[in-house]
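S.K.: When you get a sec, could you give me coordinates for this:
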Amino acid sequence: MAELRPELLASDVADTPACLHRVVDAHEDIDPLALEATRVLFIGMGSSRYAALNAAAYLRSLGRDAHAEHASTGSPQPAEPGLLVVAVSAGGGSGETIAAARRHRGTSTVLGVTNRPDAALAAEVDTCLELHAGEERSGVACRSSTNTLALLLLLCGIDAARVRAGADVSAAVIDTKDEWLGPAADLVGRPAIHVLAPAERIGSAEQSALMLREVPRVRADACETGDWSHVDVYLSKLPGLGIVLLRGSAWEAEVLDWATARGCPVATVGGPLPGGALDIPVPGGDDPVVRMLAEVRVCELLAAELHVRHGDRLST
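M.R.: Next up, the predicted model:
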């Protein structure tokens, strides 16, 4: 495991737009293998699986048979001809992912996705694709996570121009941070934060919450927006909860009703809502592909800011 240097996270995040353009430059003419396969299975752990959740949801919206699986599962989907397995490990050394890829090799078609094509994963796959995310000096999987999502979307047939737009919108979110980051940290910089997103972009909420757990050690959890009112609303009765709402679900009004009634501040990302205390713009982010590639910048930078303010003691 890489040494964590959270003071370098903001610098790593600042390089995300350039790294997104780099992965598109390298792979913009890639065959959309995920559209050509009979079935698609993404396997990975942590941030790698979070990116796969969004890609699998996109494929299912096209009527494709696609799943994102924990590489560590004790009940894995079986290897079979016609199955495309996309084994994702940014560092290329995840033991769970390597074991899962090995289980499929020789029967399924196994494609590796990694930032380290010279690492162990490459020996267990039929073909290996590089993420071109560069070295993350903070030790936090931020650029590699976003580049993973970008590459998976290209494999799913998403036009390269939409991924480039996500890079440019990421740059806009970063460039305007002086306008929103301080107020956002003041508003939701609490011992507990819920990050909500629509089901089709749940990976964005999962990665955002991970950034808040990993760097400032906030008790942060991800939840699907509609489901929040069924499973996580109970925690809004406790003091000290803030909500970051990634816009796009049809079920946001109910969240705002509960949050307003119980005094939970809500920061929206990608468009204001009645009852929201602060909105963080995602310029040109009506395209869900652009949103999912750019919106995580908010909680990455929020995590860095909360660490500057509180170290890793905010939740104690």
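S.K.: And the strand or helix carrying Ala267, what does it pack against?
M.R.: Element membership for Ala267 (DSSP states H and E) is strand 266-269. The elements that strand 266-269 packs onto, with contact taken as 3 or more CB pairs under 8 Å, 6 or more residues apart in numbering; DSSP states H and E, are helix 177-188, strand 241-246, helix 252-261, strand 278-280. Any C-beta I mention is one placed from the backbone N, CA and C, and that applies to glycine too.
S.K.: Throw these into CSV and include mean pLDDT, thanks.
M.R.: Listed next are those as CSV, based on pLDDT from 0 to 100:
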stretch, mean pLDDT
helix 177-188, 98
strand 241-246, 98
helix 252-261, 97
strand 278-280, 98
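S.K.: and those as CSV, adding mean neighbour count and distance to Thr146?
M.R.: Formatted as CSV, the entries for those read as follows, by neighbours: other CB atoms under 10 Å; distance: least, CB to CB, whole Å:
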stretch, mean neighbour count, distance to Thr146
helix 177-188, 17, 16
strand 241-246, 26, 15
helix 252-261, 18, 24
strand 278-280, 21, 17
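S.K.: and those as TSV, adding distance to Pro288?
M.R.: Shown next, in TSV, are those (distance: least, CB to CB, whole Å):
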stretch	distance to Pro288
helix 177-188	21
strand 241-246	11
helix 252-261	15
strand 278-280	17
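S.K.: most distant residue from the middle of the protein?
M.R.: Gly106 (30.5 Å; CA atoms, centre = their mean).
S.K.: roughly how far apart are that residue and Val125?
M.R.: Between Gly106 and Val125 the computed distance is 11 Å (CB to CB, to the nearest Å).
S.K.: Find residues that contact each of the two.
M.R.: Jointly contacting Gly106 and Val125 under the rule CB atoms under 8 Å, 6 or more residues apart in numbering is no residue at all.
S.K.: Can you give me the domain assignment for this protein?
M.R.: Following automatic domain parsing, one finds the domains of the chain at 6-158, 176-310.
S.K.: what element comes up after the helix or strand encompassing Val289 heading to the C-terminus?
M.R.: Under the criterion DSSP H and E, the helix or strand holding Val289 is helix 288-294. Following helix 288-294 in sequence order, the next helix or strand is helix 296-310 (DSSP H and E).
S.K.: and Arg309, how far is that from Asp12?
M.R.: Between Arg309 and Asp12 the computed distance is 19 Å (CB to CB).
S.K.: Kindly report the same for Arg213.
M.R.: According to CB to CB, Arg213 and Asp12 sit 17 Å apart.
S.K.: Name the residue in the two with the higher neighbour count.
M.R.: Ranked by neighbour count (other CB atoms under 10 Å), Arg213 and Asp12 place Asp12 first, with 24 against 15.
S.K.: wait, the more buried one sits on Ser144?
M.R.: No. If you go by CB atoms under 8 Å, Asp12 and Ser144 don't touch, sitting 9.6 Å apart.
S.K.: lowest-pLDDT helix or strand in the chain?
M.R.: Sorted by mean pLDDT, DSSP states H and E, the helices and strands of the chain end with helix 33-36, the least confident at a mean of 94.
S.K.: can you dump the C-alpha coordinates of that one into CSV?
M.R.: Listed next in CSV are the C-alpha coordinates belonging to helix 33-36 (Å, rounded to 0.1, in the frame of the first residue of the first chain):
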residue,chain,number,x,y,z
LEU,A,33,-15.3,-4.4,-26.9
ALA,A,34,-18.0,-4.1,-24.2
LEU,A,35,-20.6,-3.5,-26.9
GLU,A,36,-19.4,-6.5,-29.0
